[in-house]
Every structure is written in C-alpha cells, then in structure tokens.
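Q: Kindly generate the corresponding structure for this input.
(one chain, ligands or ions: 1)
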Amino acid sequence: MHEMSLMESALTMVRTMAGERDIKSVREICLKVGELSNAMPDALTFAYDVLHRQKEFQVFSSCILRIEWEETRAECQLCGTIYQPDQKLLQCPSCHMPGGVITQGEDLQVLYFEGE
Ligand SMILES: [Zn+2]
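A: Numbers count the residues shown, from 1 in each chain. Now for the predicted structure:
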C-alpha cells in the first residue's frame, strides 16, 4: 500500500515546517488528493490513523486529517474548453480535438496545516 509511504512523507514534511514555525501541536492538516494521483482517500485515512499515533509523529497526536478530493480536468489545446475527461481519452467535447492537457487532478499535496 503506497499510501502509507505517501502519508509518511506528507507528515514528515509538515513536521519539519511545524518545527520551523515553533508549532508544538498540529491541530489540522488538509491534503488535496487528485483523482489521478493514484492515492485512495480511504487508504490515506487508514495510513494516517496508524502513523499519527507513532512516537515520531507525536506532534500530530491530537490532529485531524481533512482530505479534499479533486476531480480531473483537461483543457483543449485548440479551443480552450475545460472539460472532465472520460478515462484516458482526452477528447474535447466542443471541437472533438484529441490530446487535451490535464490541468488538475494529478496532485497529492498538503494544502494547509494549523497548530499552536
Ligand atoms: Zn476544443
């Protein structure tokens, strides 16, 4: 389950940033998870449940995780239409031009975190 290592990297990164801002306890983390990021929200939540209880991640012991799901969007290179692509077929619904460019849905990133 690669969500475990994704979550571990995310928590490690936030722990470092929290340390730099002198935050002793992180209250909330919000992750943006794109449809194409190959990470399942349920598996990420499970990984978080396991990891945030570990001693090395003590700064998250009373933290809640929020996940913001992001659908895929593509942009047509010919007419500029933004659309939700069907599977991997990136064909513009307006002018039927294939080869749209994915503009969102690929990211897995920490949107924000809060603490004190
Ligand atoms: Zn088009």
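Q: now the strands: where do they sit in this protein?
A: Using DSSP state E, the strands found in the chain span residues 26-34, 64-70, 73-75, 82-83, 101-104, 108-115.
Q: Can you lay out those strands as TSV showing mean neighbour count and distance to Met40?
A: Any C-beta I mention is one placed from the backbone N, CA and C, and that applies to glycine too. Listed next are those as TSV, based on neighbours: other CB atoms under 10 Å; distance: least, CB to CB, whole Å:
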stretch	mean neighbour count	distance to Met40
strand 26-34	19	8
strand 64-70	15	10
strand 73-75	18	20
strand 82-83	14	24
strand 101-104	13	18
strand 108-115	16	11
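Q: Any idea how far the longest helix seen in the chain is from the middle of the chain?
A: Criterion DSSP state H: the longest helix present in the chain is helix 2-20. How far helix 2-20 lies from its chain's middle: 12 Å, per CA atoms, centre = their mean, to the nearest Å.
Q: and that helix, what's its mean pLDDT?
A: Helix 2-20 carries an average pLDDT of 96.
Q: helices and strands around that helix, which ones?
A: With contacts taken as 3 or more CB pairs under 8 Å, 6 or more residues apart in numbering; DSSP states H and E, helix 2-20 sits against strand 26-34, helix 41-51, strand 108-115.
Q: Specify the angle between that helix and helix 41-51 in degrees.
A: For helix 2-20 against helix 41-51, the angle by axes from the mean of the first three to the mean of the last three CA atoms, to 10 degrees is 60 degrees.
Q: Mind listing residues that contact helix 2-20?
A: Outside helix 2-20, the residues that touch it by CB atoms under 8 Å, 6 or more residues apart in numbering are 26, 29, 31, 38-40, 43-44, 46-48, 50-52, 57, 59-60, 108, 110, 113, 115.
Q: Kindly state the pLDDT recorded for Lys88?
A: At Lys88, the pLDDT value in this model is 68.
Q: Begin at 26 from now on, thanks
A: Taking 26 as the first residue, the last one we looked at is Lys113.
Q: coming back round to it: can you list the strands of the chain in a markdown table and add mean pLDDT?
A: Listed next are these as a markdown table, based on pLDDT from 0 to 100:
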| stretch | mean pLDDT |
| --- | --- |
| strand 51-59 | 97 |
| strand 89-95 | 96 |
| strand 98-100 | 95 |
| strand 107-108 | 96 |
| strand 126-129 | 94 |
| strand 133-140 | 96 |
